[in-house]
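K.L.:
Using only what follows, build the 3D model:
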Amino acid sequence: MKYRKNKKIIDRSEIENIIKTDKEKKQTIVFTNGCFDILHAGHVAYLQESANQGDILVVGLNSDISVKKIKGDKRPIIGELDRATVLSALECVDYVIIFDEPDPENLIKNIVPDLLVKGADWSEDTIIGADFVKQAGGRVGRIELVPAISTSTIIERIVMRYSS
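P.N.:
Have a look, this model is predicted:
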């Protein structure tokens, strides 16, 4: 990565050593991931609750390439470096790592978190990396989402408001 605004946004190559040090200090590592395009109150509540589950919150952030593969050519609205900067400004987030794959499985295997967290809209059997984390002695958690708010909903509201 060419751009770094602060020490919370880290290269993927750095994560194993950073996490090793945190684990040696007996810190509980929590991992979650997502696109976090147009950060909203639902995202913040989700990240705060994720952070409350342990000592260190690592957020895997889908790169622009990855978001396009998942959401289509019109996404993301906000570029990866700006999304990473906003996420890293949240007190509850300890590290942000941008990844290009459509899913975070390889990143999860690099980190080996104590807790893997996703939204309650995911069933545990569909959470990527859940089996790996449990086999490594970790846990999988699911967090209730703030109802009726999502980036897609926000975009739909904006389109409706300005297209009529």
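K.L.:
Can you show me the helices along the protein?
P.N.:
In order along the chain, the chain carries the following helices (DSSP state H): 12-24, 41-51, 64-71, 80-88, 105-111, 130-135, 151-163.
K.L.:
Output the shortest one as CSV, restricted to C-alpha atoms.
P.N.:
C-alpha atoms of helix 130-135 as CSV (Å, rounded to 0.1, in the frame of the first residue of the first chain):
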residue,chain,number,x,y,z
ALA,A,130,-15.9,-20.1,10.9
ASP,A,131,-14.8,-23.7,10.7
PHE,A,132,-11.1,-22.7,10.6
VAL,A,133,-11.5,-20.4,13.7
LYS,A,134,-13.3,-23.1,15.7
GLN,A,135,-10.7,-25.7,14.8
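K.L.:
Give me the nearest residue to the residue nearest in space to the middle of the chain, chain neighbours excluded.
P.N.:
When the chain is reduced to its mean C-alpha position, the closest residue under CA atoms, centre = their mean turns out to be Asn33, at 2.4 Å. Nearest non-adjacent residue to Asn33, counting by CB to CB, 6 or more residues apart in numbering: Gly60, 3.4 Å away. The C-beta positions use only the backbone N, C-alpha and C, and glycine is treated the same way.
K.L.:
Now do that neighbour, the pLDDT please.
P.N.:
On pLDDT, Gly60 comes in at 98.
K.L.:
Just give me the neighbour total for it.
P.N.:
Other residues lying near Gly60 total 25 when counted by other CB atoms under 10 Å.
K.L.:
Of all the helices and strands in this protein, which has the lowest average confidence?
P.N.:
For the chain, scoring each helix and strand by mean pLDDT, DSSP states H and E identifies helix 151-163 as the least confident one, at a mean of 85.
K.L.:
in that helix, what counts as buried?
P.N.:
Burial within helix 151-163, assessed by neighbour count using 16 or more other CB atoms under 10 Å, is assigned to Thr151.
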